[in-house]
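Peer 1: got a sequence here, can you build the structure:
(one chain, ligands or ions: 1)
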Amino acid sequence: MDSFEWLQGYTIGFGLHHVDFTNPNRPRTPKYSAHFFSQVVKDNGFPKPDDDKMLYGHFRKDFIWSTATASYQIEGGWRADGKGLSIWDKFAHTPLRVLNDDDGDVACDSYNKVEEDVAMLRQLKVTHYRFSISWSRVLPDGTTKHINEAGLNYYHRLVDALLAANIQPHITLFHWDLPQALQDIKGWENETIIDRFRDYADLIFSRLGHKVKFWITINEPYNVANIGHGYGAAAPGISFRPGTLPYIVGHNLLKAHAEAWHLYNDTYRAKQKGIISITINSDWSEPRNPYKQEDIDAAKRVVQFYIGWFAHPVFNGDYSNMMKTIIRERSLAAGLPKSRLPEFSPEEIKRIKGTYDYFGFNHYTTVLAFPVDYGKLQHYDADRRILNFIKEEYGNPPIIITENGMSGRGPIDLNDIYRSYYYEQYINQALKANLLDGVDIRGYTAWSLMDNLEWATGFSERFGLFYVNRSDPELSRVAKSSVAAYSTIINCNGFPDPASGPHECLSPVPEGTSAPITDDTVKFLGMNLSTSDAETGLNTTFALLVVAVLGAIGSSVCFFRARNRSK
Ligand code: FCB
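Peer 2: Okay, the predicted model is just below:
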C-alpha cells in the first residue's frame, strides 16, 4: 500500500492500495494494479485469453482485399505537366515543418511508375487498390476554370492499368492536398469550398466514373480539422485558434461531403452503379482504470469527440448531444456568447444524415483515457470493440476498413515480422467481429502499398508492404516479408483451420503470377461488380498497441492524435 516514501514523504505512492492519509482511519482502496496483480496470482501467470486465440474461418466471397496510398505521399511530379501547387507542397517546403525537411517533390515517383505500382498490386493479389486524386493536378487553381487534361490523363492511365490487371480502383477525392489557390481564400474555413469541392467531384465522376465503382469523398476529416487547423502539425499548419477553427472546418467538411454524395446519388449512381462514402478515422479508447467511473466517462468522451464528431452527423443526424453540451458549456463558461461548435439547421441535418453507402473506417490504435489534460504515453493492444461500437451506434452499416497498418523506423529490415504479426492479428480480430459478433465487414485495406512520405514524419516513418529504395535513382520497390504474409491471407480469404488441412491457399504464390481475368461478377451492396478475384482469400482484424497522448483541446478530453504507431 501507499506509505511513507522516505525523502518524498507521502507525495508518491508505490502501493497496490491507495491509502487516504487525510483521513484518521487511513482507509485503503485497491487500485487497478491490485486487481491486476491479484489476477496474475490467481492464474499463476498469463494464460492466453480466448480473445487472443486465432479464429479459423473466412470472409464473405466478395470480400474487398485492398491496400492504399495517397497522392501527395507517392506521386511526386509536383510541377509536372501543369500541376498546380497544393497546401502540402507549400507546407513541406517550409523549413522545419516536415522531419528532415523531406518533401513530396519526387516521393515514390508514382506519377511516372504506373507499371511498377500495378506490378506490386498483382504480386499482393489484392482485389482493389485505394488511391487518391491530387485536386491541384487536375484543377491547378482548384476551380473548373481550367482543367488540366495532362494531369487527368495520369489517373486514366492508372485506372486502365488496374482494370487490365482485374483490380478495382477505390478512389479518394480528397486526401489532404488541397489546392493552394483555395487555401489562399481560406480553404476549408470558407464555406465557398463546398461548391468548389462539389464541382471537382462532378468533374471526376463525369470523366472517370464509368470505370470506377468505389469512391471516398474525404479522407479523415478529423485529421484535416484537428491536426491541420488545431495543432497545425499538418498542412495548412494553422494552430492559433485551436478550440474554434477545427469545428468550423469540420462543419464545412461535412457539408462538402454531403454535397458530393448527393451529386453522385442524384446524377451518377443510376448509370455508373458505384458506391460512395466518407472515410472516418478513430482510435478506440479504454478507461485507464476500468474500475474508476471518471476514467470510464473519459473513455466515452474520447470516442464521441473522435469517431462521433463526423460519424454522428452522417449516420445518426447532427452532432451528438454529448459534443453539443460539453462544447456549449465550456464556451459559455469562457465568456463566449455561444458555443464554439457551429449549429446545423434542421434542413442541413436532414441533408447530411444518411450520406453513406458504407462506413469507411481507418483504424490504427487504442488509447487509455483518464480525465486530465496530459497523460503519459500508453501502450495497449487493440481489439474488435470499435467495430462493435460502429455496429451498435450507427445502425449496423456495411464497413470497409479503408486503412490499417503499422510503421517502422530506423534501419531497414525487409524481414518485417512485426508487421506480418500486426496484420494477422488485426485481420483475425476483424474476422471475429464478423463471424462471432455479426459486424458487417465488407473489406480490409492495408496501409500502405509501399514506404512513402508519411506527412510530417517524412520518409523516416515507413508503413509500406514494399520498401522503396531511396538511394537508387530508379526508386526501386522491394517486397518486405509482410507481402507474403498479407497475400497468403488474401489467397485464403481468411484463416483456414490447420486441422482440416492441407490448404493449397497457404502455399506461397509464385511471384509475378496472377489469376486469369474472367468476367465473373459478384454482388456487393446490391450491385453486380466484376471481380474475378473475389474468391481469393483474405481476412482481417485488429490488433495491437500503441500509444497516445491525451490532451485537452477545446473540450473535455478530446485528444491529440499521436501518430507514433511504430514498432
Ligand atoms: C492516416 C492517413 C494516411 C497515412 C496513415 C499512416 O492518418 O490517412 O495517409 O498517413 O495515417
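Peer 1: quick one, what contacts residue 258?
Peer 2: Going by CB atoms under 8 Å, 6 or more residues apart in numbering, residue 258 touches 314, 351, 352, 355. Every residue, glycine included, has its C-beta placed from N, CA and C.
Peer 1: again, but for residue 267
Peer 2: 202, 205.
Peer 1: so it, which of the three states?
Peer 2: Look at residue 267: counting by DSSP: H, G, I helix; E, B strand; the rest coil, its state is helix.
Peer 1: what pLDDT does it get?
Peer 2: At residue 267, the pLDDT value in this model is 98.
Peer 1: please apply the same query to residue 517.
Peer 2: For residue 517, the predicted pLDDT is 35.
Peer 1: could you do residue 133 as well?
Peer 2: So residue 133 comes in at 99 (pLDDT).
Peer 1: so how far is residue 210 from it?
Peer 2: 16 Å (CB to CB, to the nearest Å).
Peer 1: which parts of the stretch 1-150 of the chain sit against the ligand?
Peer 2: Residues of the stretch 1-150 of the chain that fall close to the ligand, judged by CB under 6 Å from any ligand atom: 70, 73.
Peer 1: nearest to the ligand: which residue in the stretch 1-150 of the chain?
Peer 2: Of all residues in the stretch 1-150 of the chain, residue 70 sits closest to the ligand, at 4.6 Å by CB to the nearest ligand atom.
Peer 1: thought residue 312 was touching residue 318?
Peer 2: Yes. With contact defined as CB atoms under 8 Å, residue 312 counts as touching residue 318 (6.9 Å).
Peer 1: show me the contacts for residue 29.
Peer 2: 17, 18, 20.
Peer 1: just the buried members of these?
Peer 2: In terms of neighbour count (16 or more other CB atoms under 10 Å), there are no buried residues within those.
Peer 1: nearest to residue 172, of those?
Peer 2: residue 18 (48.8 Å; CB to CB).
Peer 1: please report phi then psi for the nearest residue to that closest one once chain neighbours are set aside.
Peer 2: Once flanking residues are discounted, residue 18 sits nearest to residue 29: 4.6 Å by CB to CB, 6 or more residues apart in numbering. Per-residue torsions, residue 29: phi -130, psi 130 (degrees, to the nearest 10).
Peer 1: against residue 415, how distant is residue 483?
Peer 2: For residue 483, the distance to residue 415 equals 11 Å [CB to CB].
Peer 1: between the two, which one's more packed in?
Peer 2: Between residue 483 and residue 415, counted using other CB atoms under 10 Å, the more crowded position is residue 483 (26 against 10).
Peer 1: surely that one is in a helix?
Peer 2: Yes. Assessed with three-state DSSP, residue 483 lies in a helix.
Peer 1: for it, give me its contacts.
Peer 2: 123, 124, 465, 466.
Peer 1: at 6 Å instead, please
Peer 2: The neighbours of residue 483, taking CB atoms under 6 Å, 6 or more residues apart in numbering as the test, are residue 465.
Peer 1: kindly report the same for residue 175.
Peer 2: Here residue 175 is in contact with 70, 132, 219 (CB under 6 Å, 6+ apart).
Peer 1: can I get the residues you listed in TSV including secondary structure, distance to residue 142 and neighbour count?
Peer 2: Listed next are those as TSV, based on DSSP: H, G, I helix; E, B strand; the rest coil; distance: CB to CB, whole Å; neighbours: other CB atoms under 10 Å:
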residue	secondary structure	distance to residue 142	neighbour count
70	coil	18	26
132	strand	15	24
219	strand	17	24
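Peer 1: picking that back up, and the contacts of residue 258, which two are the farthest apart?
Peer 2: Longest span within the contacts of residue 258, CB to CB: 314 and 351, 10.9 Å.
Peer 1: near the ligand, which residues of the stretch 451-567 of the chain show up?
Peer 2: For the stretch 451-567 of the chain, the residues in contact with the ligand (CB under 6 Å from any ligand atom) are 454, 455, 463.
Peer 1: quick check: residue 283 touching residue 363?
Peer 2: No. At 7.4 Å, residue 283 and residue 363 do not qualify as touching, with contact defined as CB atoms under 6 Å.
Peer 1: circling back: next step: the contacts of residue 29 restricted to strands.
Peer 2: Using DSSP state E, 17, 18 are the members of those that sit in strands.
Peer 1: can you pull the buried residues of the helix or strand harbouring residue 35?
Peer 2: Assigned by DSSP states H and E, residue 35 belongs to helix 32-43. Residues of helix 32-43 classed as buried: residue 34 (neighbour count, 16+ other CB under 10 Å).
Peer 1: report the distance from it to the chain centre.
Peer 2: Centroid displacement of helix 32-43 relative to its chain, using CA atoms, centre = their mean, to the nearest Å, is 35 Å.
Peer 1: likewise for stretch 45-63?
Peer 2: 22 Å.
Peer 1: what about that stretch, average pLDDT?
Peer 2: pLDDT averaged over stretch 45-63 gives 90.
Peer 1: distance between the ends of it?
Peer 2: 39 Å (CA to CA, to the nearest Å).
Peer 1: keeping just the C-alphas, turn stretch 353-368 into PDB.
Peer 2: What follows is stretch 353-368 as a C-alpha-only set of coordinates in PDB (Å, rounded to 0.1, in the frame of the first residue of the first chain):
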ATOM      1  CA  LYS A 353     -27.900  12.300 -42.500                       C
ATOM      2  CA  GLY A 354     -27.700   9.100 -44.500                       C
ATOM      3  CA  THR A 355     -25.000  10.300 -46.900                       C
ATOM      4  CA  TYR A 356     -23.200   7.000 -46.900                       C
ATOM      5  CA  ASP A 357     -23.200   3.700 -48.700                       C
ATOM      6  CA  TYR A 358     -20.800   2.100 -46.300                       C
ATOM      7  CA  PHE A 359     -18.800   3.000 -43.200                       C
ATOM      8  CA  GLY A 360     -15.300   3.800 -44.500                       C
ATOM      9  CA  PHE A 361     -13.100   3.300 -41.400                       C
ATOM     10  CA  ASN A 362      -9.400   4.000 -40.800                       C
ATOM     11  CA  HIS A 363      -8.200   2.400 -37.600                       C
ATOM     12  CA  TYR A 364      -4.700   2.000 -36.100                       C
ATOM     13  CA  THR A 365      -4.700   2.000 -32.300                       C
ATOM     14  CA  THR A 366      -6.300   2.100 -28.900                       C
ATOM     15  CA  VAL A 367      -5.600   4.600 -26.200                       C
ATOM     16  CA  LEU A 368      -6.200   4.600 -22.500                       C
END
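Peer 1: in it, which residues are buried?
Peer 2: Neighbour counts over stretch 353-368 (16+ other CB under 10 Å) mark 353, 355-368 as buried.
Peer 1: filter the residues you listed down to the ones near the ligand?
Peer 2: residue 362.
Peer 1: just the buried residues of stretch 353-368 now: which is nearest residue 158?
Peer 2: Once CB to CB is applied, the member of these that ends up nearest residue 158 is residue 360, at 20.3 Å.
Peer 1: ok, now which ones touch the closest residue to residue 281 other than its chain neighbours?
Peer 2: Excluding the flanking residues, the one nearest residue 281 by CB to CB, 6+ apart is residue 362, at 3.8 Å. Residue 362 sits next to 220, 279, 281, 402, 403 when contact means CB under 6 Å, 6+ apart.
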